[in-house]
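In: turn this into a structure:
(chains A, B and C)
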Amino acid sequence: MKTTFKPNRGQFIGGGIAASAATFAGINVIAAPMKELVIGLNVPQTGSYSDQGADQLRAYALAIDEINAAGGVMGMKLKRSIGDDQTKASVATENARRMIERDGAIMITGGSSTGTAVAVSKICQEKKIIFMATLTHGDETTDESCHYHTFRRYNNAHMSARSMAQTLLTKYGTGRWFHITADYTWGHSVYDNLIEVLEPKGAKTIKNVLLPLGTTDFSSALSQAQAAKPDVLVITEFGKDMVNALNQAAQFGLTKSAKILVPLADEYMAKGTGDNFANVVTTAPFYWKYHAEKYPAAKKFVQAFIRRYGVPPSNGAENAYTDIYQWKSGIERSGSLDPAKFIAKMEGHKFTATKEPEYWRAFDHQGINSCLVMEGVPMAQRGAEYPAFAFAKVLEVHDGESVSIPQSTSKCKIETA
Amino acid sequence: MPGQLLDGFIRGLLYVAIALGLTIVFGMLRLVNFAHGAFYIIGAYVGLVVTEHVGLLAGIIAAPIAVALFAIAFDFALLRRFYDKEPTAQILVTFGVAIVVEETLRLIFTGTTRTYVVPAWVQGSLNLGFTQYPTYRIAFGLGVIVLVIAVWLFIQRTNYGLIVRAGVRDRTMVQLLGGNVRQASTVIFALGAALAGLVGAAASPIYSIDPGKGFEFLVPSFVVVVIGGLGSFWGAVLGGLLVGELQSLTTLFLPAASDLVIYVAMALVLLVKPSGLFGESEVIRG
Amino acid sequence: MKQVGFYGFTALGLLLFPFAIHPIGGYPGLATEILIVGIAAIGFNLLLGYAGLLSYGQAMFYGVGSYMALLTVQRFFPQWPSIWLSLLVAIVFVTVMALVIGLLTVRLYGIYFALLTLAFAQMFYFIVFQWKSLTRGDDGLQVITNATLQLGFTSIDLTRTFPDFELGPFGNLHDVHYWYAFAAIITLVVLAFMRALIRSQFGEILAAIRENEERSTFVGFDPLRYKVAAFTIAGMLTGLSGGLKGLYEASTGVDTLSIDMSGSFVIFAVVGGIKTLFGPLVGTGLIMYLQNVVSGNPVFGNGWRLIEGLIFVAVIVFLPGGLLGSFKKKRAHAALANAVRVSPVEGRP
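Out: Numbers count the residues shown, from 1 in each chain, chains lettered A, B, ... in the order given. Presented below is the predicted three-dimensional model:
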C-alpha cells in the first residue's frame, strides 16, 4: 500500500471537505483545509460481546460530542464511522477496510477480543492508519503481534495475572489451587503468568482443566474441582463463559468453600453474576466508583456518562473515552495528521487522565497504567447507587510499571514505519 | 468418577429434555424444526420476566404456555405452508424464524447474560455420599424424568399421536375416518414447543440466559436426536444420556475434545447407521 | 449469439457494479468482497439449487481454503510468493477434501445430509482452532500482503488503483483497486463455467436426479457419482473463494469456518435465488451490504441481523424462487417450491 491518506472523495457529505489534501500518495499533508475527520469505531453490536460493544459506543459518542462542542480537533469536527465486528476477525477486517477506503477514516478504534484486535492491527499497519485498540486483554496485541501504528492502553493478561498473584500471595498465602481455563491464547497466557508467580512461592497446582471457548456446562470441571477441595479456584474465562462458569460454581457451593479468582471482569459480566460475584477476586484497569472518588477527571467523565445514559460506564467504556482524548492530544501535539509524527509524539508520552499518572511505552506501544485488584461485594452491601454496577471494592492498586512485560522478555519487534 | 457419571447423567437429562420436543415433532409431523432453540430461549426470557415479578414456579408455568401460544401463531401464519414440503424448505424457514427471534430478543433484552435466583430450598448442594451435587440440578433432573414419563403417557393415552402419525401417511383416509389431522398436528407442534419453553425456563437458573443460547442448545439437541434416531422417542432419551456422559467423561480425560467428541459421535452414527441407534430405518430418506 | 449476450451482459454488470453501489453507501472494496464471497455462494448453489442438497457445512471449504492459501505464503512455500501458487494449493487441497467428504455424505438426504456436513464442518472448526502451532488458534493468521500477480510477461500489483477520473455521484475510478478487476475476471470465468455446467448433460442429469432419483437410476445413471461430482465442484469453488478472500485480506481467522458462516452461504443463495445463475451473487451482495453498510447506521445498525432474518423469511415464504428467480415468471413457481417437491410418506422422492 503506497497511498496513505486517500479518503474517498465522493463520500464526503456536502462535498466541501477538502479531500484534495489527501491525494498525495504517501505524503501526509497537514490537514488545514479539512473540515471533518473521520474515525472508525469498530465494536461488536451483535453476538456475545454486544454489551461491551454498546457501552464503548456510548463512551465514544460522549467523547466525540464533547470534543466537537469544544471546537473539534485542530478546528476539524470529528465524524463517526461505525461497524459491527461481531467479534469475528474477518468481519472486523472488512469493517476497518470500509472505514478506511470508503469513509477515509484516519484512525480506527475499538475491540472486542484479541483475535479481532490482532487482525485490525495488521490491516491498519498496512494502510498506515492509527489503531487505538480498546478491549483486548491478550498479551500479543502489544507483544508478538505488535505494530507501529497500534496503541493499546487496556491492561493485558500479563499485567492482570501479575497484579492478582501478588495481592493473593500477600493476603491469602499460598495453598492449593484449581484452575478452569479457557482453551485459547488468552486463557493460556493468563494461566502461565499466574503459575510463574505462584509456584515458586509454594502454591500447589492441583489441576488445570482447559475448556473450549463457548462452553455452556462447566459442571464436569466444577465437580472435579469440588472433589479436589482446593483453597483457591481460578476461573480464567471471559464474557458470558465467565458468567456461566461462576454462576454454576456457586451452585456447586464452590463460592463458599474456596476463594474464587476471575482474572478479568467488567461491569456487565458482574451484572450477569449478581450476588455470586461476592468475595470474588478480580482485576480491572478502571472502576468507575473508585476512580470517580479519587480523580477529578474520572469524576467528570463518570458523571457526564451517567447524566447522558443513566448508568455508570464499564471499564471498556472508560478505555474508549480516554483513547479518543489521547488520540486528540497526540494529533494536536504533533500539529499534523501524519501518523509518523503522531506516533513520535505518543511514544513515551506521560499524561494523567482518569486515573494515576501513566504513559505510553515506546518499544511496544502498551499503555503503562495501574491495574486494580478488586474483590466482589455482596448485593446487600452495595448501597443504593447503581447496585448492579457497584460490584466490587478495591483491594490494591498495582503500578503498571511493576507488573508489565519487561522489554528484556518482550517478543515485540515493532516496525520503524 | 461416580461424581462425573452423575454429572453426565444430569447433563444428559437436559439434552433429553430439549431433544424430546424436537424428536416428537419430527417423528409425528415429519417436520424438521430449526426454530426449536428459539422456543427454548423464548421460554427462558418469559421465565425470567415472570420469575422476577412473581416467582420461579409461576415462571416455570407461564413459559410453556407462552411458547405454546407463540408456536400456534407461528404454525398458522407460516409453518402450515411447509408441512408438505421437503425437509430442506422446512429447515430454511425455521432457521429464518430462529434468527428473527434471537435478534428480536437481543433488541428487547440486550445481550447481557442474565440469570435468576432460585428459592432457598433448591439452593446449595446435597451430599450424596460419593459426591456433593447442586440441589437445583438434582431437582431439575428428577423433573425431567417425570416429564419424560408424562409426555410418553400423553402420546400413548390420547388419540393425537395416532391421528398425526396416521395423517402423515394418508391424510384423506384419516379424515374420512373422522380424525382431525390439522387440529391434532397443531396440538403436537404446540406440545413440542411447550416442552422446549418449559425446559428454557427451568434450565436457565443453571445455564444463564442470553439471546444466542437457543441456537447454542439447538445444535447439540440435533446431535442427540440423530444419535438416538430422528423421530424416535426413546432414542432421544438414550441419545441424550449418552451424549451427556460422553461430554462429561471427555471433560475429565481430554477436556479439549469435549465439544469435538459429540460431532464425531454424530458423524459416526450418520455414516454407519443413519437412522440412529434406535430409529426406524424407513426414515433415512426423510 | 446467446453466448455473446451472456458475456456482454455479465461483463457490463461487473464493470458498472463498483460504481453503481456508490450512491447507496457502497464502495469498491465492498464490491470486491462481494464478488469473492459470491463465488462460494455460486458454488453452493450447484448443491442446493441444482442438486437439491442442503449442505450446512460449506464454511469448512471456505475456511480451509483461506488458511491453505495463507499457509502457502507463510509456511509451505515462502520462497515462492505467488498468488497463483497459493490459490492452486488451496483449490487442490479443498477439492480433495470435498471429494472425500462428498463420498461419505451424499448417500444421505435432507436433514441427515445437512447434519452430517455440519458435523464435518464442526470437526474442522475445532481442529483449526486447536492446532495452534500451525493456525495460531483464535488469533488467526496474518501474512505480509503479497498482491503481486505474475502474468508471465509482466506482473501487476493488485493493490494499485486505477487513474483518477471523477464520476460524480458514482465515485471516482481512482477508488477501484486492481484487486477488483482480478476478482471480476475470476467471477466471470466462474459464472461462464457454471453456466456451461448447468446446460451440459451433467446439469441435466443432476436436475433429473433431483426431480426423481429413482427414475434416473432406472435410466441408467448412478446418482451418487453425479452428486459427488456436484459436491466436489461446489467445494472447489468455495475453496477458491476462501483462498481469494484470505489473500485479499492477507489475514484469516477461525470464524471463517463457523456454523454462522455456513448459515450465511445458505442465506446468500436462498435470498438471491437458487436455481438462478446470478441469484447467489445478488443474495451475497444484498446481505453483505446489510452487514457492512447498514450495520454502521448509528440508529438502527445493531438491528441489521434482524433485517437479514426478516428478508430471509420473507423470501422463503413469498418469493420461493429468490429475488432473481421471481423476475423470471416461468421459473418463479418452479424454483424452491419445486426443488423442494411435495414428498409423500417419508419424503421419499
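
In: quick check: can you list the domain ranges of chain A?
Out: Per automatic domain parsing, the structural domains of chain A span A:9-155+A:294-370, A:158-284+A:376-403.

In: can you map out the helices along the stretch 151-300 of chain A?
Out: A:157-172, A:185-198, A:219-228, A:240-251, A:254-257, A:267-273, A:288-294, A:296-309 (DSSP state H, counting those that start in this stretch).

In: just the element for the spatially most central residue of chain C, please.
Out: Nearest residue to the geometric centre of chain C (C-alpha atoms, centre = their mean): C:A40, 1.4 Å. Using DSSP states H and E, C:A40 falls within helix C:28-45.

In: which other helices and strands contact that helix?
Out: helix A:89-101, helix C:2-20, helix C:178-199, helix C:223-249, helix C:259-272, helix C:279-292 (3 or more C-beta pairs under 8 Å, 6 or more residues apart in numbering or on different chains; DSSP states H and E). For the C-beta atoms, the positions are set from N, CA and C on the backbone; glycine is no exception.

In: save those helices as CSV, and put in distance to A:T416 too.
Out: Shown next, in CSV, are those (distance: least, C-beta to C-beta, whole Å):
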stretch, distance to A:T416
helix A:89-101, 22
helix C:2-20, 35
helix C:178-199, 27
helix C:223-249, 24
helix C:259-272, 37
helix C:279-292, 33
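
In: would you list the helices of the stretch 151-300 of chain A in TSV and tack on mean neighbour count?
Out: Converted to TSV, the helices of the stretch 151-300 of chain A look like this (neighbours: other C-beta atoms under 10 Å in any protein chain shown):
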stretch	mean neighbour count
helix A:157-172	23
helix A:185-198	21
helix A:219-228	24
helix A:240-251	26
helix A:254-257	19
helix A:267-273	25
helix A:288-294	19
helix A:296-309	17
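
In: tabulate these in CSV, adding columns for mean pLDDT and distance to A:V280.
Out: Formatted as CSV, these follow (pLDDT from 0 to 100; distance: least, C-beta to C-beta, whole Å):
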stretch, mean pLDDT, distance to A:V280
helix A:157-172, 87, 11
helix A:185-198, 89, 15
helix A:219-228, 89, 15
helix A:240-251, 91, 7
helix A:254-257, 90, 7
helix A:267-273, 91, 8
helix A:288-294, 94, 16
helix A:296-309, 96, 23
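
In: which parts of chain B are helices?
Out: Using DSSP state H, the helices of chain B run over residues B:2-29, B:36-53, B:56-77, B:87-109, B:135-157, B:160-169, B:171-176, B:181-207, B:213-228, B:233-253, B:260-272.

In: and of these, who's closest to A:N319?
Out: helix B:87-109 (23.7 Å; C-beta to C-beta).

In: is chain A within reach of the closest one?
Out: Yes: shown here: helix B:87-109 in contact with chain A (C-beta under 8 Å from any C-beta of the partner chain) through B:E103, B:R106.

In: now that helix: average pLDDT?
Out: The average pLDDT within helix B:87-109 is 92.

In: check which helices and strands that helix sits against.
Out: helix B:36-53, helix B:213-228, helix C:110-130, helix C:259-272, helix C:304-318, helix C:335-339.

In: how about TSV for those, with mean pLDDT and mean neighbour count added?
Out: Listed next are those as TSV, based on pLDDT from 0 to 100; neighbours: other C-beta atoms under 10 Å in any protein chain shown:
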stretch	mean pLDDT	mean neighbour count
helix B:36-53	95	25
helix B:213-228	91	26
helix C:110-130	93	24
helix C:259-272	94	25
helix C:304-318	93	19
helix C:335-339	45	21
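
In: how about CSV for those helices, with distance to A:V43 added?
Out: CSV is the format used below for the helices and strands packed on helix B:87-109 (distance: least, C-beta to C-beta, whole Å):
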stretch, distance to A:V43
helix B:36-53, 24
helix B:213-228, 22
helix C:110-130, 23
helix C:259-272, 18
helix C:304-318, 14
helix C:335-339, 37
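
In: nearest to A:R162, out of those?
Out: Here helix C:110-130 is closest among the helices and strands packed on helix B:87-109 (C-beta to C-beta), at 27.4 Å.

In: how much space between C:G63 and A:G83?
Out: 22 Å (C-beta to C-beta, to the nearest Å).

In: what's the following helix or strand after the helix holding C:A40?
Out: Later in the chain than helix C:28-45, the nearest helix or strand by DSSP H and E is helix C:59-71.

In: residues in contact with the following helix or strand past that next one: which ones?
Out: Once the chain leaves helix C:59-71, the next helix or strand it forms, by DSSP H and E, is helix C:83-105. With C-beta atoms under 8 Å, 6 or more residues apart in numbering or on different chains as the test, helix C:83-105 has contacts from B:271, C:60-61, C:64-66, C:68-70, C:72-73, C:76-77, C:113, C:116-117, C:120, C:146-150, C:158, C:227-228, C:231-232, C:234-236, C:238-240, C:242-244, C:246-247.

In: in CSV: the helices of the stretch 151-300 of chain A, plus distance to C:E33.
Out: CSV is the format used below for those (distance: least, C-beta to C-beta, whole Å):
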stretch, distance to C:E33
helix A:157-172, 32
helix A:185-198, 27
helix A:219-228, 40
helix A:240-251, 29
helix A:254-257, 47
helix A:267-273, 31
helix A:288-294, 39
helix A:296-309, 34
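
In: any chance of those helices in a markdown table, plus distance to chain C?
Out: A markdown table is the format used below for the helices of the stretch 151-300 of chain A (distance: least, C-beta to the nearest C-beta, whole Å):
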| stretch | distance to chain C |
| --- | --- |
| helix A:157-172 | 13 |
| helix A:185-198 | 6 |
| helix A:219-228 | 17 |
| helix A:240-251 | 13 |
| helix A:254-257 | 27 |
| helix A:267-273 | 15 |
| helix A:288-294 | 24 |
| helix A:296-309 | 15 |
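
In: out of these, which comes closest to B:V151?
Out: helix A:219-228 (24.7 Å).

In: when you compare where the closest one runs with where helix B:233-253 runs, what's the angle?
Out: 50 degrees (axes from the mean of the first three to the mean of the last three C-alpha atoms, to 10 degrees).

In: just checking, what packs against helix A:219-228?
Out: By 3+ C-beta pairs under 8 Å, 6+ apart, helix A:219-228 packs against strand A:176-182, strand A:204-211, helix A:240-251, helix A:254-257, helix B:2-29, helix B:233-253.

In: name the residues that touch it?
Out: Residues outside helix A:219-228 that contact it (C-beta under 8 Å, 6+ apart) are A:176, A:178, A:180, A:206-207, A:209, A:211, A:233, A:245, A:248-249, A:252-254, A:257-258, B:3-4, B:6-8, B:10-11, B:131-133, B:137, B:247-248, B:251-252, B:255, B:258.
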